[in-house]
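Undergrad: Next one to model:
(2 chains)
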Amino acid sequence: MSAKRIRLLIWKEFVQLSRDPLLLRLLLIMPVLQLILFGYVVGADVKNLPTAIVDLDRSAVSRRLGQSFSSSGYFRVDARPGDERELQAMLDRGDVAVAIVIPEGTAARLDRGETASLGIVVDGADSKTASVASGYAAQIVSDYNQKRIAEQGIDLAGPGLDARVRVMFNPTLEAVNTMIPGLMATILMISMMSIMAQSVVRERERGTLEQMFVTPIGRGEYLIGKVTPYVMVAIAQMLLVALVGRYWFHVPFYGQISVVFVGLLLFMFTAIGLGLLVSLVSRTRQQAQQTVMFILIPTMVLSGFIFPIESMPAPVVPLTYIIPLRYALIVLRGAFIKGSGFSALAAPLLAMAAFSAVVFGIAVSRFSKRLAD
Amino acid sequence: MTNQVAISVRALTKRFGDFTAVDAVDFDVKRGEIFGFLGPNGSGKTTTIRMLTGTIAPNSGSAVVLGDDVVATPERVKRRIGYMSQKFSLFEDMTVDENLRFYAGVYDLTPEQFERQRAYVLEMADLVGRERELTSNLSVGWKQRLALGAATIHEPELLFLDEPTSGVDPTARRQFWDLLYDLAARGVTLFVTTHYMDEASHCHRLAFMYRGRLIAVGTPDEIRHNRMRERVLEIEADDVDGVLAWLESAEGIREAYLSGALLHAVVANAPKEEGHAADRLAARLRAAGFAISSVRPVDPTIEDVFVHLVTRERDEAEVPS
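TA: Coordinates of the predicted model:
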């Protein structure tokens, strides 16, 4: 190992990177673009939900409740059918995604100091919308109760409106807050895997790989020289995502930086290893790109990045355990949202360590062997 | 110095699975000589070079390069050899200067050595004033010379060239060989693979490789005169394709192939001393209805010997013994 040769290889890689302004721009624009896309698309789909209110009570209470829903910004009251029976058809057609039923006698029950039930029906076709919408609805109802308590000075433990939905954790920004830590890991994986694969395959296509191994450059030197520049790029990407997430989307960060750092580091080795493995099975850069896509699609679907693992069919769930991104998501989301530390995240961190040791180890040994054949 | 051996190979063997790419090959290359390594594609030339440069390890046999065992101590050998492949292996997205700087750094040249070698390479490759140009913008001849410059920036004692002139026009090929002669004149040993037969005659000694085995080693003259017992007849005809088709199925014709615009045929059982073979073949061709301008015996070219040896090898392989 010669530090001088490694420095030379790193210099070479940066010179080449600077000659590819498109790639460089992509590497920095892609994360921001994805952030904005995911951040806003996820943020937008729970706003202005088409809503129907069936007010069977026709009281001051029910009107005020309806007002709270329509002025919240999350629900757009499109219809006020006079009868519950019309709701089914409206939900079936997708005219509305949420229906709120205020039963007859709600105001009277509250006045008597009893608990009044409120029916909230959410279109379950989109599980994400459904869960977020129920969260908002519950929030509005609980706000209403609080106001009522404040106005009337009723005992806190006393009865009120019971929205038949469970209050979700962190309802207002839940989607964005889980999305952005997830995006950090996803972007890390996409960019490291594809750049590593592309850059090694390009070197082989052009014959420069073969040329370098006739010189005193060792395989270890080559690998370090190749990986280091892209690790630096990845760190820049992660910082960018973290800053945009923190200061633009106001994602709270409750955890320890060190947990995030260790998680991303372990995951990075897995991604680099995967990239190297892709470079070994691909003869051309197009093939490499296709192979990367081939790995990314199940990763996106099965990791829990887009679809919650809890809502997957039981036979699919065991498959998620072989997706490295799954563990990275648990670690990053845990650290960001719940402030989980090393002890709480020991299991997924260990899984990530095992993945990176196995994937990176196999990749490096296959790579050396391939060069020796 | 000239009697010293640059490369000494004994029973060198490389297998890829069931396929034996290089099969117990023996040869020696003297210092300062231009050694031509010939053979069709897939005959094992590149695999041999990769073993000699320490890139891959042989399954068995030994290879001593510049006095060091390349299998045991590839690192010692790598500093003293250069290598240039047919791809010219330059970093296309780096400038001329950056390419040279990279390879100079790899071989740990001092700044003074680098300045001197850089000036020499730029002069040699005719790239003075174009140092900051991207390598991808250079045309093939310049790329080839720059690749040679990059491969020799550390002044190697031995240079491996794997089909260095493939895809290069004839003028540039001739210029390139002039550069190779310059290197040889400075005492650099050159190990060149090529499939251009005219280039083979530029070499001091030749080795023919076929299906992983060496089928002939010698100087171009030795190969032309000692390796072939049969007569080569050169045929000038109007309908070259028709005559070739006829010859290929004719009795007593061992080999027939195009040589430029003419046809070469090797006649079985026609020793060189016998002069009637040409007349007899001309008569047979005319009897078959072809318009023949001339049939005359010629000295075998290196290509003739090569075709002959390959045909003989192939025939022997097909006849069960």
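Undergrad: At which residues are the helices of the chain located?
TA: No chain in the question, so chain A it is. Remark: helices assigned in chain A by DSSP state H are A:3-18, A:21-44, A:60-71, A:85-93, A:106-111, A:127-152, A:174-206, A:208-212, A:219-247, A:257-281, A:285-302, A:317-320, A:324-333, A:346-371.
Undergrad: try chain B instead
TA: Under DSSP H, chain B gives helices at B:45-52, B:74-78, B:96-106, B:111-124, B:140-151, B:170-185, B:197-200, B:220-226, B:240-249, B:276-287, B:302-318.
Undergrad: Let's have those in a markdown table, adding mean neighbour count and mean pLDDT.
TA: Placement of C-beta: from N, CA and C, glycine included. Listed next are those as a markdown table, based on neighbours: other CB atoms under 10 Å in any protein chain shown; pLDDT from 0 to 100:
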| stretch | mean neighbour count | mean pLDDT |
| --- | --- | --- |
| helix B:45-52 | 24 | 93 |
| helix B:74-78 | 19 | 91 |
| helix B:96-106 | 22 | 96 |
| helix B:111-124 | 15 | 94 |
| helix B:140-151 | 22 | 92 |
| helix B:170-185 | 15 | 91 |
| helix B:197-200 | 19 | 83 |
| helix B:220-226 | 16 | 86 |
| helix B:240-249 | 15 | 89 |
| helix B:276-287 | 16 | 86 |
| helix B:302-318 | 17 | 82 |
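Undergrad: Name the nearest residue to residue 203, sequence neighbours excluded.
TA: Using chain A here. In space, and not counting its chain neighbours, A:E203 is closest to A:L209: 4.3 Å by CB to CB, 6 or more residues apart in numbering or on different chains.
Undergrad: Hmm, no, I was thinking of chain B.
TA: Among residues not flanking B:C203 along the chain, B:G36 sits closest, at 3.2 Å (CB to CB, 6+ apart).
Undergrad: That neighbour - how many residues pack around it?
TA: Using other CB atoms under 10 Å in any protein chain shown, B:G36 has 24 other residues around it.
Undergrad: so which of the helices of chain A gets nearest B:V310?
TA: Nearest of these to B:V310, taken as CB to CB: helix A:208-212 at 27.5 Å.
Undergrad: and that closest one, what other elements does it pack with?
TA: Applying 3 or more CB pairs under 8 Å, 6 or more residues apart in numbering or on different chains; DSSP states H and E, one finds that helix A:208-212 contacts helix A:174-206.
Undergrad: average pLDDT across the helix it packs on?
TA: For helix A:174-206, mean pLDDT rounds to 85.
Undergrad: follow-up on the earlier one: so can I have a markdown table of the helices of chain A showing distance to B:T53?
TA: Putting the helices of chain A into a markdown table (distance: least, CB to CB, whole Å) gives the following:
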| stretch | distance to B:T53 |
| --- | --- |
| helix A:3-18 | 18 |
| helix A:21-44 | 32 |
| helix A:60-71 | 76 |
| helix A:85-93 | 73 |
| helix A:106-111 | 87 |
| helix A:127-152 | 58 |
| helix A:174-206 | 17 |
| helix A:208-212 | 10 |
| helix A:219-247 | 15 |
| helix A:257-281 | 22 |
| helix A:285-302 | 26 |
| helix A:317-320 | 46 |
| helix A:324-333 | 38 |
| helix A:346-371 | 12 |
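Undergrad: List the residues that contact the residue nearest to B:C203.
TA: B:192-194, B:199-200, B:202-203, B:205-207 (CB atoms under 8 Å, 6 or more residues apart in numbering or on different chains).
Undergrad: Now flag whichever of those residues is closest to chain A.
TA: Comparing the contacts of B:G36 against chain A with CB to the nearest CB places B:T193 closest, at 14.3 Å.
Undergrad: The closest one pairs with what?
TA: B:F37, B:D162 (DSSP bridges).
Undergrad: Please give the number of neighbouring residues around it.
TA: Number of residues near B:T193 (other CB under 10 Å) recorded here: 25.
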